[in-house]
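> With the sequence up front, the predicted model follows.
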Protein chains: 2
Amino acid sequence: MEERFSGTVLRRNREEPVKRPTMGEIGLNHFAPYLMNRLMARWNANMSEELREYDMTTAKMRALAVLSVSSSVTINELSVFAVTEQSTMSRTLDSLERQGFIRRQPRVEDMRIRDVSITEEGRAAFEKVWPTMYDLFLQMFDSVEEAEYRAFISTLHKVLHNIRKHEI
Amino acid sequence: MEERFSGTVLRRNREEPVKRPTMGEIGLNHFAPYLMNRLMARWNANMSEELREYDMTTAKMRALAVLSVSSSVTINELSVFAVTEQSTMSRTLDSLERQGFIRRQPRVEDMRIRDVSITEEGRAAFEKVWPTMYDLFLQMFDSVEEAEYRAFISTLHKVLHNIRKHEI
């Protein structure tokens, strides 16, 4: 869509007046949030389509993915980790509980908090979906070498850290 | 949430039986789609909050961003580039047109196609929002050097290319 911007994208040493590059100078294709939004829209649409074959929703899959690697979490934590609104997560958990995929137990120290954990059946349900997810993921990172992938993850961690630090 | 996985995340040389690492082995925090979904949820929530001050929606901002760097696009192209469903984009364009921020003109060669372009007023409206967006973006990539940023963008381009190539 546009030429590569030869200037500095991340222009931090700002004098007065502030000299920000314009969106046009950077170019949409070099503006990371734009690229990531487009990518994730495709990833999510494709996952959602694949999940239909397994009679599963994105919210359910995300909840099971998070729970499969955690001993137990609260619904608050789960909705953050699974990037799903709390009301949606609440309904999702009701449904997963009816399916026998998760259980909710009041915490002994504080009965107001209910810890969510995955059952063996839930684990099996996630494991059935995983190969499809992993293969889509491999396809997505085709031609990306392991070292490049690790560098990519390392940048993502910095960015996630910044979001937390600055609470943006 | 979990330890760093020391094995190969992108396990491509598959023998039979296929030896995929599990989600637990990779770890959510080293699974790029998970990290990107979390990041973009935060970015979008923060942008949407900032935009309220400018009396603008995410869809409007995205449409203006795309149009500010394109001479003219169709509504189909615009809904892909702006990661917005076509029905939402259609309503968004109606509203932007009423505000005098865009114009729609039938293409001379094919009157069924209407080309969308930005007006001077639309450009000014986007320029008013841009410093806020750019500063959020700088904050997001705090401690990421220019070279690392460029490598990150280069990986994103590969991934976007794969999504197109494989039509996932």
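Great, that's in hand.
> List the buried residues of the helix or strand containing residue A:51.
Element membership for residue A:51 (DSSP states H and E) is helix A:32-52. Buried residues in helix A:32-52, counted by 16 or more other C-beta atoms under 10 Å in any protein chain shown: A:32-43, A:46-47, A:50-51. For glycine as for every other residue, the C-beta is placed from the backbone atoms N, C-alpha and C.
> which among those residues are in contact with chain B?
When contact is defined as C-beta under 8 Å from any C-beta of the partner chain, those meet chain B at A:32-43, A:46-47.
> Just give me the closest of those residues to residue B:67.
residue A:34 (13.3 Å; C-beta to C-beta).
> Please name the residues that touch the closest one.
Residues near residue A:34 by C-beta atoms under 8 Å, 6 or more residues apart in numbering or on different chains: A:28, B:65.
> What of residue A:37?
For residue A:37, the contacting residues are B:40, B:43, B:44, B:83, by C-beta under 8 Å, 6+ apart.
> Quick check: the two most widely separated of these?
For the contacts of residue A:37, with distances taken as C-beta to C-beta, the pair at the greatest spread is B:43 and B:83 (12.1 Å).
> low-scoring pLDDT stretches of chain A, where are they?
A:1-5, A:13-18, A:165-168 (pLDDT under 70).
> Show me where it has its helices.
For chain A, helices defined by DSSP state H occupy the ranges A:23-26, A:32-52, A:58-68, A:75-81, A:86-98, A:120-140, A:146-165.
> Excluding residues flanking it in the chain, which one is nearest residue A:153?
Distances taken as C-beta to C-beta, 6 or more residues apart in numbering or on different chains put residue B:30 closest to residue A:153, at 5.5 Å, once the chain neighbours are dropped.
> Count the neighbours of the one you found for me.
Summarising burial for residue B:30: neighbours were counted as other C-beta atoms under 10 Å in any protein chain shown, giving 21.
> Residue A:100 too?
Residue A:100 has 12 neighbours, counted by other C-beta under 10 Å.
> for residue A:98, same thing?
Using other C-beta under 10 Å, residue A:98 has 9 neighbouring residues.
> Which segments of chain A make up each domain?
Recorded structural domains for chain A (assignment: automatic domain parsing) are A:1-7+A:14-52, A:56-133.
> ok, back up a step: out of the ones next to chain B among the buried residues of helix A:32-52, which one sits closest to residue A:158?
Proximity of those to residue A:158 (C-beta to C-beta) peaks at residue A:32, which lies at 11.9 Å.
> So the closest one sits against residue B:157, correct?
No: using C-beta atoms under 8 Å, residue A:32 is not in contact with residue B:157; the gap is 10.8 Å.
> How about residue A:42: what's its closest non-neighbour residue?
residue B:163 (4.9 Å).
> quick one: contacts for that neighbour?
A:39, A:42, A:43, A:140.
> Ok, residue A:39 next?
A:140, B:36, B:156, B:159, B:160, B:163.
> okay if I get these as TSV plus distance to residue B:24?
Below are the contacts of residue A:39 laid out as TSV (distance: C-beta to C-beta, whole Å):
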residue	distance to residue B:24
A:140	20
B:36	20
B:156	27
B:159	24
B:160	28
B:163	26
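> any idea which of those is closest to residue A:25?
Closest approach to residue A:25 among these (C-beta to C-beta): residue B:156, at 18.6 Å.
> Relative to chain A, how far out is that closest one?
Separation of residue B:156 from chain A (C-beta to the nearest C-beta, to the nearest Å): 4 Å.
> ok, for that residue, nearest residue in space, not its chain neighbours?
residue A:35 (4.4 Å).
> now do residue A:117
That would be residue A:72: by C-beta to C-beta, 6+ apart, it lies 4.2 Å from residue A:117.
> any idea how far that neighbour lies from residue A:148?
Counting by C-beta to C-beta, to the nearest Å, the gap from residue A:72 to residue A:148 is 35 Å.
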